[in-house]
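**Q** I would like the atomic coordinates for the input below:
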Amino acid sequence: MKTIKVILILGIVLFLSYAAWIKIRSMDIGDDGPPLSVSWEGFYHEYNFRDMGKSLNTCLGEKFFREEVVMRSARWFSGWDCQKVGNPDMIYSLNYSPHKKVRYFCQADNMKNIGRYFNPEIQLDDLEFEKTWENSLMKNATCRFFSDIFDSILSGKSILIHCSAGRDRTGTFSALLAGLAAERADRLDDSMLAAIECDYRKTESLVPEKYGRMRQFLFQLKQKGTLAEFFNRQCSIPIETSHQVADRLWATSGVQ
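**A** Here you go, the predicted model:
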């Protein structure tokens, strides 16, 4: 009986010590920004990590997209080594909340947290619905993300896009980037829309009620013009800039 009590006490002490260490890590961010969210990794977490280009190529059945450029995941890597999510040059956290005020970044080899968010006033949500883009705060924050993502891609950086589950917000960003590349190559057809939807459905937490969202979102945008025109209309991003980004994502474009 005494042995069991000692083991229980030691277990509690270790758990509290680990929890305290997690808290210390969350405050060790080296700047004046919001604290770093550090996830306890004692149990299984759905990282939902994948290389967007590689995943889409598998869905498509051919190597159309350039790999090792855009990666996607859930948030569970936050606070730990960037190797868990492919060592990206830049992270874009789509799940920042002005209510929680924490950041979801990983740490590079130099212990520097690499990541950005552009929505201090509003939490991004429902981006796969056109009506959401009528909200000026939502649209402006989302456009700031895309503008910076475009700059990173054009400068040759590898990026990671993530939200909480790596599903809907991340899925919308991935779908728009993939659609932009496919459109540039005149390949945004039914088979490409199916591949983009296929990548979306690889998220384990996706419920059947959400099936078809990415395909439908891109299909609706196509009815109103090109995706390059969509970015120009919504975000004032020059059409030529969108074309240059697309060429970076399209494996056979000849642009390195």
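**Q** Low-confidence ranges, the protein, go.
**A** Residues of the chain meeting the criterion pLDDT under 70: 1-2, 4-32, 40-44, 109-113, 254, 256.
**Q** where exactly do the helices run in it?
**A** In the chain, the segments counted as helices under DSSP state H are 2-27, 52-60, 136-154, 168-184, 190-200, 213-222, 227-235, 239-249.
**Q** Tell me which of those lies nearest to Ser73.
**A** Closest of these to Ser73 is helix 168-184, at 7.5 Å (criterion: CB to CB). (Each C-beta comes from the backbone N, C-alpha and C, glycine too.)
**Q** Just list what the closest one packs against, helices and strands only.
**A** Contact analysis of helix 168-184 by 3 or more CB pairs under 8 Å, 6 or more residues apart in numbering; DSSP states H and E lists helix 52-60, strand 70-73, helix 136-154, strand 159-162, helix 190-200, helix 213-222, helix 227-235, helix 239-249 as its packing neighbours.
**Q** what is the orientation angle of the fifth one with helix 168-184?
**A** Read it as helix 190-200. With axes from the mean of the first three to the mean of the last three CA atoms, to 10 degrees defining the directions, helix 190-200 sits at 160 degrees from helix 168-184.
**Q** Give me the contacts around helix 190-200.
**A** For helix 190-200, the external contacting residues (CB atoms under 8 Å, 6 or more residues apart in numbering) are 50, 52, 55-56, 59-60, 167, 171, 174-175, 178-179, 182, 206, 211-215, 218-219.
**Q** What residues sit buried inside that helix?
**A** Neighbour-count burial for helix 190-200 flags 192-193, 195-200 (criterion: 16 or more other CB atoms under 10 Å).
**Q** now the last one
**A** Judged by neighbour count (16+ other CB under 10 Å), helix 239-249 contains these buried residues: 241-242, 244-249.
**Q** could I get the helices and strands packed on helix 168-184 as a markdown table with distance to Phe105?
**A** Converted to a markdown table, the helices and strands packed on helix 168-184 look like this (distance: least, CB to CB, whole Å):
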| stretch | distance to Phe105 |
| --- | --- |
| helix 52-60 | 19 |
| strand 70-73 | 12 |
| helix 136-154 | 15 |
| strand 159-162 | 10 |
| helix 190-200 | 24 |
| helix 213-222 | 26 |
| helix 227-235 | 24 |
| helix 239-249 | 23 |
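**Q** which one of these lies closest to Gln107?
**A** strand 159-162 (13.2 Å).
**Q** what pairs with that closest one, and is each one parallel or antiparallel?
**A** Strands adjacent to strand 159-162 in the sheet, as given by DSSP bridges, are strand 70-73 (parallel), strand 90-93 (parallel).
**Q** how far does it sit from the chain's center?
**A** In terms of CA atoms, centre = their mean, to the nearest Å, the centre of strand 159-162 is set 4 Å apart from its chain centre.
**Q** mind giving me the domain ranges of the chain?
**A** What automatic domain parsing lists as the domains of the chain is 1-30, 36-249.
**Q** ranking those domains by burial, who's on top?
**A** Ranked by mean neighbour count, the domains of the chain are led by domain 36-249 with a mean of 18 (mean count of other CB atoms under 10 Å).
**Q** so how far is Ala108 from the residue nearest to Val70 when sequence neighbours are not counted?
**A** Distances taken as CB to CB, 6 or more residues apart in numbering place Met52 nearest to Val70, at 4.3 Å, with adjacent residues excluded. Plainly put, Met52 is 21 Å away from Ala108 if you go by CB to CB, to the nearest Å.
**Q** which residues does the closest residue to Thr226 other than its chain neighbours contact?
**A** Spatial nearest neighbour of Thr226, chain neighbours left out: Glu183 (5.8 Å); criterion: CB to CB, 6+ apart. Counting by CB under 8 Å, 6+ apart, Glu183 makes contact with 226-228, 246.
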